[in-house]
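Novice: my questions concern the predicted model and sequence given below.
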Protein chains: 2
Amino acid sequence: MTTAHITFDKTGDKIAGRVRNMRSSAVRDLFSAAVSDDVISLSGGMPDVSLLPASAIRKATKAAFDDQRTVALQYGATNGRVDTRQVFCDLMRDIGVRCNPDNILLTSGAQQALDLIAKTFIDPGDIILAEGPTYLGALQAFSAYQPDIRCIPFDEEGMRMDLLEEELKRIGKDNPRLKFCYTIPNFQNPGGVTMSSERRKRLLELAKEYNFMVIEDDPYGRLRYEGGHMIPLKALDDDVIYLGTISKVFAPGLRIGWIAAPRSVLARINLVKQGTDLCGSSFDQVVAEHYFTDTPWQKTLQKFVTTYGERRDAMLEALEEYFPPEATWTHPEGGFFVWVTLPPYVDTGAMLPEALDAGVTYVPGDSFFPDGKTGKNSMRINFSYETPENITEAIRRLAKVIEGRLELYRIFIEAGVIEAPTLTDGSKSLKKSSAQDVDSETQEAPAASPSTTDTSSSPAEAKKGE
Amino acid sequence: MTTAHITFDKTGDKIAGRVRNMRSSAVRDLFSAAVSDDVISLSGGMPDVSLLPASAIRKATKAAFDDQRTVALQYGATNGRVDTRQVFCDLMRDIGVRCNPDNILLTSGAQQALDLIAKTFIDPGDIILAEGPTYLGALQAFSAYQPDIRCIPFDEEGMRMDLLEEELKRIGKDNPRLKFCYTIPNFQNPGGVTMSSERRKRLLELAKEYNFMVIEDDPYGRLRYEGGHMIPLKALDDDVIYLGTISKVFAPGLRIGWIAAPRSVLARINLVKQGTDLCGSSFDQVVAEHYFTDTPWQKTLQKFVTTYGERRDAMLEALEEYFPPEATWTHPEGGFFVWVTLPPYVDTGAMLPEALDAGVTYVPGDSFFPDGKTGKNSMRINFSYETPENITEAIRRLAKVIEGRLELYRIFIEAGVIEAPTLTDGSKSLKKSSAQDVDSETQEAPAASPSTTDTSSSPAEAKKGE
């Protein structure tokens, strides 16, 4: 009565509904491509851990293999070591948030925090609000629990509160399906934009008025290259659920993030975490704790800030120099990413193999929208990992690939086969306009150089001589 | 229009359905109690990491803070470092399983493997089979995805295949709701029993016949104190999904487990893992890899085996000496646990505070059943963590607490207020009878000393002089 030998399809009928529509992360898929020596990767989101001093790592690690060994090697509490939680309270005090270890739960990177929050709060069909585009890891974490994710466009001042309010009116007050708003207020991933003080206050007002939780994801807050510190949402309202991580201020190889939240919220998340992993790595917690207490980590952080700031400058300068006038992009004051918007007829996903051939990678914009369709004419480019020289070269290569696409379309436009997209002004940067608005703007206004079809005098080439 | 200040209840209306019925782990809750100096804990499941040589930990850690530093501190692949996966292939080859790194996915302890498998395969209402009682961490992991868990009793030869087949007939062939059978064939947690070769083969036959996956959880396989090695299910059938962990052969403080499975299964789990934590700890992976390549880990494992074997002997001897004739227990050939069954009128959950007062803890049996009701007259006791002296003392204390309960019931029985439970024979050990059968047996046979109400001549006290 036994059936035939099991084939590739055997478990195909076993998988859960939540998995059927899961998409692989474009970033993950590109990691392997980016390994090739002659390709410059602008697709990752990796910190440059080679900037960490060897002596600091040795010092931080010592306790874990020496006097705190039996603790580091043993199971720990589900919410993490109290001494490590205290260290993160101290880090948060620096940025204006007061809390104590009881308000902290350690996670395996902030990614696990996203999964645990989704697992704790999302029933299928529940409504989640987020910037659109938003962090694709958050989309992946949330999507597993099958919510209805509503994206709110941003501009250079962060999530647009007028559009959020419009969406909230559609959802209605005290709608039991509305669970939370997920936001990355500082140097958003992938947008690079920062939410203004006024909008932070407004978001918290709307949260009370419409009864939803606010999840503040802040991986990049301490990586600011210009402008002044912005007060976290969590400092303005203790009900905010704040997500921290050591991935960008120390190292992502140790998987340590944390959730700062009211105790009643943490009690529920803690219960969910028990079944998810029992506890995090005691070893990593001991190492992280000693990194922030026994080493000159602020000095190292300053090295990160200086280095990434120079790389950002290199990227913005190269964009100005090489990118065509049809392109617009954000000007991040910190973080890791620039968000580029191209004319609506350019599909950055379709363009990616060509870019890879030219020796550069990026992440197509549709990866950052839950429908996988919006944002096809945009891309995220990273400046934290490569040298300024490589960044400049990568942007030069990318500009050439884009230029090739644009020229093709310019021929079609001239021949009247497709309609000419339009730009509202000559500025190439995205200022006070929403990410989605850019699409409509470029569809309405005249293209900067619709008449040129001569490759030798394309805008990007001409720009070089400026 | 803003609402009143947020109270404790604020997020109460936000939590997902899957969380509403979650119970906290009794083991976890007892961890804090067990910390007290005068309490001997038989409730945990911790290895004794103090047995690990300091020199080995230093050696294993060196690469992570030295020459492999930039790899150890950076994000890694979602499925883990290939070199670390190769190490686990080598470990599995020792126990008769052949695979290569493509068949391995690293997890944050085997607990995360349980969560990922559940997340990948379980839709609400799906049927899961498992031993009953079974590992409570598995119940927690699975329950979050709301399956219908059917428990199959075990006896000293492991899960009872006759009862499994009865259940499968009720479920029906090719029932799309039937997803997998979860089993811990070696030194089961909490039962301590090991599945016989015949039953292993029968389980795999039934899996083909009724079309369900087999999840083999094997944390204790290498910790055998008597008898010969049993061939893993995975070695008999490559479709088996095998879960390994370093928690018991090295250290649980580094969260490293693995799933060995066909590539098609791992591809799906890998996709689910991306959104769950991006990747595991590269740092821990580098340390684990070097522990198994640069240190005399087999010698250390032998130290674990010798030490735990002595502790098991101490526990079994103390049980014989101190426990009343109404109690039965399993005789594990390896692993960490003994499963004790008391007469049906004893509620081990209600008895726990009394035991804690007497300076001993255990885990009440109902923690290991999905309904939280079955098994109330049983308990799991651990012998891996305490010294033989402490184990003997703990069992003596526990026997006294049990004796107190039994005497009370003996009075009731003598007065005819409750019916006398019965024992089928004079043996105190559980032999070839299912865990559930024990309950009915004790309800049917005459109690060993139903007439004695004199505390000075209770069976346990009398036993001391034997």
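Specialist: That came through fine. Numbering: from 1, shown residues only, chains lettered A, B, ... in the order given.
Novice: phi, psi for A:K248 please.
Specialist: phi -100, psi -20 (degrees, to the nearest 10).
Novice: I'd assumed A:M46 was in contact with it.
Specialist: No: with contact defined as Cβ atoms under 8 Å, A:K248 does not reach A:M46; the gap is 9.5 Å. Yep, even glycine has a C-beta here, placed from its N, CA and C like the rest.
Novice: looking at these two, which is more packed in?
Specialist: More crowded of A:K248 and A:M46, by other Cβ atoms under 10 Å in any protein chain shown: A:K248, with 23 against 20.
Novice: for the closest residue in space to A:I184 that isn't next to it in sequence, what are its contacts?
Specialist: Nearest residue to A:I184, sequence neighbours excluded (Cβ to Cβ, 6 or more residues apart in numbering or on different chains): A:D217, at 4.7 Å. A:D217 sits next to A:110, A:114, A:135, A:138, A:182-184, A:243 when contact means Cβ atoms under 8 Å, 6 or more residues apart in numbering or on different chains.
Novice: and A:D217, how far from B:K10?
Specialist: As judged by Cβ to Cβ, to the nearest Å, A:D217 and B:K10 stand 20 Å apart.
Novice: what sits closest to the spatially most central residue of chain A if chain neighbours are left out?
Specialist: Nearest to the mean C-alpha position of chain A, counting by Cα atoms, centre = their mean, stands A:N189 at 2.6 Å. Using Cβ to Cβ, 6+ apart and skipping the chain neighbours, the partner closest in space to A:N189 is A:Y135 (4.6 Å).
Novice: neighbours of the one you found, how many?
Specialist: A:Y135: 23 neighbours (other Cβ under 10 Å).
Novice: same question, A:R312
Specialist: Neighbours of A:R312 under the rule other Cβ under 10 Å: 27.
Novice: which helix or which strand is home to it?
Specialist: Element membership for A:R312, per DSSP states H and E: helix A:297-322.
Novice: tell me the gap between that helix and the middle of its chain.
Specialist: Taking Cα atoms, centre = their mean, to the nearest Å, one finds the center of helix A:297-322 at 17 Å from the center of the full chain.
Novice: what sits against A:V97?
Specialist: Contact analysis of A:V97 by Cβ under 8 Å, 6+ apart lists A:232, A:234-235, A:242, A:260.
Novice: so it lies in a strand, does it not?
Specialist: No: counting by DSSP: H, G, I helix; E, B strand; the rest coil, one finds A:V97 to be coil, located in no strand.
Novice: that one and A:T293: what is the separation?
Specialist: 19 Å.
Novice: what do you get for A:F337?
Specialist: With Cβ to Cβ as the criterion, A:F337 and A:T293 are 31 Å apart.
Novice: got it, and A:Y145?
Specialist: 37 Å.
Novice: I figured A:D115 hits B:K273, correct?
Specialist: No: using Cβ under 8 Å, A:D115 is not in contact with B:K273; the gap is 9.9 Å.
Novice: name the residue of the stretch 351-466 of chain A that lies nearest to chain B.
Specialist: With Cβ to the nearest Cβ, the shortest gap between the stretch 351-466 of chain A and chain B falls at A:Y385, namely 10.0 Å.
Novice: now do the contacts for that residue.
Specialist: Neighbours of A:Y385 in contact, by Cβ under 8 Å, 6+ apart: A:41, A:44, A:46-48.
Novice: list the contacts of the residue nearest to A:N189.
Specialist: A:184, A:189-190, A:217, A:368.
Novice: list the buried residues in the host helix or strand of A:R405.
Specialist: If you go by DSSP H and E, A:R405 is part of helix A:388-414. Within helix A:388-414, the residues that qualify as buried are A:388, A:390-403, A:405-407, A:409-410, A:413, counting by 16 or more other Cβ atoms under 10 Å in any protein chain shown.
Novice: cool, stretch A:89-99 as well?
Specialist: For stretch A:89-99, a neighbour-count test (16+ other Cβ under 10 Å) marks A:89, A:91-92, A:95, A:97, A:99 as buried.
Novice: distance of A:W329 from A:N382?
Specialist: Using Cβ to Cβ, A:W329 is found at 13 Å from A:N382.
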